[in-house]
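> Give me the fold of what follows.
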Amino acid sequence: MLDRLNAIPPDPILGIIAAHAADTNPKKMDLGIGVYRDEAGNTPILKCVLEAERILDSSQTSKSYLGPRGVPGFNSAVTDLIFGSGSATVEQGRVRTVQTPGGTGALRIGADVIKAALPGARVWASEPTWANHYAIFPAAGLALEQYPYFDGELHGLRFDDMMLALADKGPGDVVLFHACCHNPCGVSPDAAQWEAITDLAAERGFVPYVDLAYQGFERGVEEDALAVRLFAEKCPELLVASSCSKNFGVYRERVGAISVVCADSGKAADVETVVHSLTRKNYSMPPAHGTGIVDIILHSEELTALWLDEVAAMRERINGLRRTLTEKIAGAGIEQDFSFLERQSGMFSFLGLSVEQVQRLREEFSIYTVNSARVNIASFNHSNIDYFVSALREVL
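Alright, predicted model coming up:
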């Protein structure tokens, strides 16, 4: 049986990681991997996480199964974090949140819910979208199609084209949105545009599915939940896949959640049983460590305040790097306009380079990124940014 299988090409990001690791150039740079990095190039453990982990380790009395719901305090805290404590959605019991192994696990369970509810549903994602979206939904047996989103020439949002395309969607369609810090292009709708998008969803009757992977990295923890809260307020149904990887820095702990919003509390309770049935078939029982850490942080005023400060510091560092990179590129005499970097948000942006230019960066300067020229802004620091700008000037 197994001899029928052939090797699958490695993921482009994994290939870049391997090539970067093998490179002996002391000035080498990896701009591809999607993790936050500090000024020293490390992915740090947040202070709030270290303290919560100490509390968790000293208070655990068992390693028995959690049960399908996972850590109850985590689920309730994440519900409040996403939808707002005391919001009508929460008070009316319309939302159920279940922890999952990371945001990817949440996306897959949400896809399975869609498949169970409406096997013929069409899922629409932005063009472009996170690379793993292209794999997750077809793996669940759902067709994934795309709507216009990113203008590569203007490095901005094709808002009118997007709205025109979404106006054709209706019941039977699921539309996938990035709540903030769009991966890979870094372009998000503004508040007024989110109002128009959510109004259209309510009018047309398609089901929004929001990928919330970077809450706190665009404008703020509360501000970045705007899209989710508007959809929940205006639409009878909504799916949200959230992740704690970036904003809590617990990447390897795989902490995420799937939230389902229904028309009323009775139906939300019904759908929660479906979620538990799907997770049972998938990974049986959820993990406890990472969710336990987040549970402790979000139920401690002191640790929550520390966490908010640390999220703000990461966000401000990324935004500062965007400004610095824009200024240094302009100051290097590069004629091509890169001011879009400062207008975008989150860790990722497209540089607008050709495949040949990306390859020159890699081969001549040991600067590694995917062929689309999507870069992780957090990979820059004050010791490598001038080297990058000099290399960029050469390949342009």
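
> Please identify which helix or strand holds L303.
helix 301-331 (DSSP states H and E).

> which parts of that helix are buried?
Judged by neighbour count using 16 or more other C-beta atoms under 10 Å, the buried positions of helix 301-331 are 303-304, 306-308, 310-311, 314-315, 317-319, 321-322, 324-326, 328-329. C-betas here are computed from N, CA, C, even on glycine.

> Could you list the domains of the chain?
10-44+315-395, 65-299 (automatic domain parsing).

> Can you give the contact residues for stretch 194-211?
Counting contacts by C-beta atoms under 8 Å, 6 or more residues apart in numbering, the residues outside stretch 194-211 that touch it are 103, 107, 110, 114, 121, 123, 130, 133, 163, 166-167, 169-179, 189, 226-228, 230-231, 233-235, 237-241.

> ditto for stretch 277-286
65-68, 70-71, 98-101, 105, 108-109, 112-113, 116.

> so which of those residues comes closest to I55?
For the contacts of stretch 277-286, the minimum distance to I55 (C-beta to C-beta) is 13.7 Å, reached by V71.

> Surely the closest one and G292 touch.
Yes: between V71 and G292 there is a contact under C-beta atoms under 8 Å: 5.7 Å.

> residue ranges for the strands of the stretch 51-200 of the chain, please.
In the stretch 51-200 of the chain, strands defined by DSSP state E, counting those that start in this stretch lie at 95-101, 122-127, 143-148, 150-151, 156-157, 173-178, listed in chain order.

> Please report the distance of N183 from L325.
From N183 across to L325, the span is 18 Å (C-beta to C-beta, to the nearest Å).

> residues in contact with the residue nearest to V311 when sequence neighbours are not counted?
With sequence-adjacent residues excluded and distances taken as C-beta to C-beta, 6 or more residues apart in numbering, V311 is closest to G216, at 4.1 Å. G216 is in contact with D224, N247, L308, V311, A312, M314, R315, counting by C-beta under 8 Å, 6+ apart.

> repeat that with 7 Å
D224, N247, V311, R315 (C-beta atoms under 7 Å, 6 or more residues apart in numbering).

> Secondary structure of the first one: a strand, I assume?
This points to D224. No: assigned with DSSP: H, G, I helix; E, B strand; the rest coil, D224 falls outside any strand and is helix.

> Report the contact partners of it.
Counting by C-beta under 7 Å, 6+ apart, D224 touches A179, C180, Q215, G216, E218.

> which of those residues are buried?
Looks like the contacts of D224 have A179, C180, Q215, G216, E218 buried, using 16+ other C-beta under 10 Å.

> Need the residues you listed in CSV (columns: pLDDT).
Output for these, formatted as CSV (pLDDT from 0 to 100):
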residue, pLDDT
A179, 97
C180, 97
Q215, 98
G216, 97
E218, 96
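
> Keep only those of these that are in helices.
When helices are assigned by DSSP state H, not one member of the buried ones among the contacts of D224 lies inside them.

> Would you check which pair of the residues you listed lies furthest apart?
A179 and G216 (10.9 Å).

> For the stretch 101-250 of the chain, just list every one of the helices.
Using DSSP state H, counting those that start in this stretch, the helices of the stretch 101-250 of the chain run over residues 102-117, 133-139, 159-166, 191-204, 226-234.

> nearest to I82, of those?
helix 226-234 (5.6 Å).

> then the closest one to CSV, C-alphas only?
Output of helix 226-234 as CSV, limited to C-alpha atoms (Å, rounded to 0.1, in the frame of the first residue of the first chain):
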residue,chain,number,x,y,z
LEU,A,226,-14.2,45.0,15.7
ALA,A,227,-15.0,42.8,12.7
VAL,A,228,-16.0,39.9,14.9
ARG,A,229,-18.3,42.0,17.1
LEU,A,230,-20.0,43.7,14.2
PHE,A,231,-20.7,40.4,12.5
ALA,A,232,-22.0,38.9,15.7
GLU,A,233,-24.3,41.9,16.2
LYS,A,234,-25.7,42.0,12.7
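
> what packs against that helix?
Secondary-structure packing of helix 226-234 (3 or more C-beta pairs under 7 Å, 6 or more residues apart in numbering; DSSP states H and E): helix 72-83, helix 191-204, strand 207-212, strand 238-243.

> Hey, what's the angle from the third one to strand 173-178? Just curious.
The reference is to strand 207-212. 20 degrees (axes from the mean of the first three to the mean of the last three C-alpha atoms, to 10 degrees).

> Also the last one?
Comparing the axes of strand 238-243 and strand 173-178 via the same axes, to 10 degrees yields an angle of 30 degrees.

> Partner strands of the helix or strand that comes right after strand 238-243, with direction?
Once the chain leaves strand 238-243, the next helix or strand it forms, by DSSP H and E, is strand 255-261. Here strand 255-261 has these sheet partners by DSSP bridges: strand 95-101 (antiparallel), strand 238-243 (antiparallel).

> average pLDDT for the helix holding L303?
Average pLDDT, helix 301-331: 96.

> ok, now stretch 12-24?
82.

> hmm, who's touching it?
Counting by C-beta under 7 Å, 6+ apart, K28, D30, G32, I33, S366, Y368, V370 sit against stretch 12-24.
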